[in-house]
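Engineer: Sequence and predicted structure, then a few things I'm wondering about:
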Amino acid sequence: MSHRATLHRIVDALPEEELTAAEHVLGSLAAADPVERALLLAPISKEPDTDDADGGLTEARQELARGEGISTEELERELGLE
């Protein structure tokens, strides 16, 4: 079996909740730009998020967890980008 076929088999067997992580890893391996590749392969920070440090990311995540967010499709409609 070729490496490509093996990778396809592995991806097909992944649980749905792991697909985003797999896309991130495989995408970073395929990145041609060395800076983009380095950024994509950089380790995720273990530091806690704060609104001061993350520009409101913590608050946004909390709003999303409360169901206050909107989908990408809805945002595109609101912005007239569909």
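Structural biologist: Great, that's in hand. Residues are numbered from 1 along each chain as shown.

Engineer: Where does the prediction get shaky in this protein?
Structural biologist: 49-52 (pLDDT under 70).

Engineer: Please enumerate the helices of it.
Structural biologist: 3-13, 19-30, 34-41, 51-54, 57-65, 72-78 (DSSP state H).

Engineer: Packing partners of the longest one?
Structural biologist: In this structure, helix 19-30 makes packing contacts with helix 3-13, helix 34-41, judged by 3 or more C-beta pairs under 8 Å, 6 or more residues apart in numbering; DSSP states H and E. Every residue, glycine included, has its C-beta placed from N, CA and C.

Engineer: angle of it against helix 34-41?
Structural biologist: Relative orientation of helix 19-30 versus helix 34-41 (axes from the mean of the first three to the mean of the last three C-alpha atoms, to 10 degrees): 150 degrees.

Engineer: Show residues contacting helix 19-30.
Structural biologist: With C-beta atoms under 8 Å, 6 or more residues apart in numbering as the test, helix 19-30 has contacts from 7, 11, 14, 37, 40-41.

Engineer: residue contacts, Ile44?
Structural biologist: If you count contacts by C-beta under 8 Å, 6+ apart, Ile44 has none.

Engineer: ok, it to Asp12 distance?
Structural biologist: Distance from Ile44 to Asp12, counting by C-beta to C-beta, to the nearest Å: 26 Å.
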